[in-house]
Each structure stands twice: as C-alpha cells, then as structure tokens.
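A.B. asks: Sequence plus the predicted model coming up.
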Amino acid sequence: MLKLIPTKFTRWIKSSFSLSFVVLLGCLGLIALFGWLSQEVLEKEAFGFDTTILLWLHQHSNSTIDSLMLNITKLGNPGFVVVLVTISFSLLLWQKQFWAAQILFLDCLGGLILNQGLKLFFAKPRPQLWTPLIVEHSYSFPSGHALGSAVLYGFLAVLLADRYPRYRVVIYSIALIIVGSIGLSRLFLGVHYPTDIMAGYSIGLLWSISCVGILKMQKIKN
C-alpha cells in the first residue's frame, strides 16, 4: 500500500513524525524540569548552586558589563515588549495574516497571565545578595523576562523563519542569543536566581510551542 504513495509524501510523513516525536520529548523534559523546580520552591528548599552562580557572576562584574546588561535587559522590559508586539501585530494585519496576528496576541496574553499567576502562586522573594542596579517589586519565581522573551522572541522567530526559510538558521540563532542574553542579564543584575530563569524558560517555551502548534494546524487546514 505504501508503494502507491508518492515517495516525497512518505518522506514528509516520516520527517513530520520524527519532528513531532522530538518536540514531544522536549516538552516532557520541560514539564519535568518545571515540576522539579516548583516542588523545591513550594517546599522552601534552597538551591545551593543559585547563590554560588550569582556570587561568581558578581565577582566578574564591572561598569562596562553592568551597562551592557542594563541595556540587554531592556529587551525584555514591558515598555519595549509592548512596542515590539504592537509593531509586529500591525504588520501582520497589514499583510492580511489575520490568523497569525490572533495567535501572536494569544501567545503574548497567555505569557502575561502565566507570568503574573505563577509569581503570585509561588510568592518567592528575590535575591538579596548585593544592592542591585535596578529595583523590582514583583516576586522572583519564575523570571518574567525569561518567560516573556521565550514566548515573544521564540514565536516571532518561527514567523520570520516561515517567511524567510533560507535564513532560518540565522533567525533562530539570533532569537536564541537574544533570549539567552536577557536571562543572563537578570543574573548579572542580581534580580533573579538561576532557577528562576530556568523555570521562566521552561514555561515560556512550553506555551510558545503550544501557540506555534495551533498556528501550524491552521496552515494545514488552509
């Protein structure tokens, strides 16, 4: 029976199945990671490496690095994110990609709700290891900058990669650097523990993958 199916189609099925399997394993890994971190936070257990990593980073800090990290962290600040989302949303509407615009809105709104809800649920205080260069008033777990950057830049990278497939590797690499740098900046600035960043990335990626899945399914229907 398979011999009657065109070779290209069977290859597409196999590649799609393989990709779906890898994505599923990745999602299960992210769920397991967040579950472990959440359990420890709820039990008020301290992660020894959290303080060790932060103090090590702070030892290598200087005025130049501080200035760089302050600028990088702005890429995940609410003010900048709102402007970027507004521009992206408007461009999608202008290009008549209404479904993509709706999913972008859902992606960002869901990320905001997850961030605020989880912070209030865990109510974990922020690090107090040194006087930070910026003052944050919300809770620490998970990192909103890490979660938001994974949600926003991850989804935008998928949209751009679909539109410009020749530059897919470059687009994903840039997105990865931006998301990773934002998380690192929060550590250098002393406003988050490494586990806060890990939790933010895990939830952000899970939600972003879900939104990308909805977008892909709609494209298949059309």
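C.D. replies: Now that the structure is in, tell me what you want to look at. Numbering: from 1, shown residues only.
A.B. asks: how many neighbours does residue 89 have?
C.D. replies: Residues lying near residue 89 (other C-beta atoms under 10 Å) number 16. Bear in mind the C-beta positions are built from the backbone N, C-alpha and C, glycine included.
A.B. asks: same deal with residue 56?
C.D. replies: Neighbour count for residue 56, taken as other C-beta under 10 Å: 11.
A.B. asks: Contact partners for the residue most central in space within the chain?
C.D. replies: Nearest residue to the geometric centre of the chain (C-alpha atoms, centre = their mean): residue 150, 1.3 Å. By C-beta atoms under 8 Å, 6 or more residues apart in numbering, the contact set of residue 150 is 179, 200-201, 204-205, 208.
A.B. asks: Report the buried members of those residues.
C.D. replies: Taking 16 or more other C-beta atoms under 10 Å as the criterion, what is buried in the contacts of residue 150 is 179, 200-201, 204-205, 208.
A.B. asks: ok, which pair from those residues is furthest apart?
C.D. replies: 200 and 208 (11.8 Å; C-beta to C-beta).
A.B. asks: Which residue ranges of the chain form strands?
C.D. replies: Counting by DSSP state E, one finds no strands in the chain.
A.B. asks: now it, which segments are flagged as low pLDDT?
C.D. replies: Residue ranges of the chain with pLDDT under 70: 1-21, 219-222.
A.B. asks: can you do 90?
C.D. replies: 1-49, 60-61, 63, 128-138, 213-222 (pLDDT under 90).
A.B. asks: Send me stretch 106-124 as PDB with only the CA atoms.
C.D. replies: Provided in PDB are the C-alpha atoms of stretch 106-124 (Å, rounded to 0.1, in the frame of the first residue of the first chain):
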ATOM      1  CA  LEU A 106      -2.900  34.800  22.300                       C
ATOM      2  CA  ASP A 107       0.800  34.000  22.700                       C
ATOM      3  CA  CYS A 108       1.600  37.300  24.500                       C
ATOM      4  CA  LEU A 109      -1.600  37.400  26.600                       C
ATOM      5  CA  GLY A 110      -1.100  33.800  27.700                       C
ATOM      6  CA  GLY A 111       2.500  34.600  28.600                       C
ATOM      7  CA  LEU A 112       1.500  37.600  30.700                       C
ATOM      8  CA  ILE A 113      -1.200  35.600  32.600                       C
ATOM      9  CA  LEU A 114       1.200  32.700  33.200                       C
ATOM     10  CA  ASN A 115       3.900  35.100  34.500                       C
ATOM     11  CA  GLN A 116       1.700  37.000  36.900                       C
ATOM     12  CA  GLY A 117      -0.300  34.000  38.000                       C
ATOM     13  CA  LEU A 118       2.800  31.800  38.800                       C
ATOM     14  CA  LYS A 119       4.600  34.700  40.600                       C
ATOM     15  CA  LEU A 120       1.700  35.200  42.900                       C
ATOM     16  CA  PHE A 121       1.200  31.500  43.400                       C
ATOM     17  CA  PHE A 122       4.800  30.800  44.500                       C
ATOM     18  CA  ALA A 123       5.500  34.200  46.100                       C
ATOM     19  CA  LYS A 124       9.200  33.600  46.200                       C
END
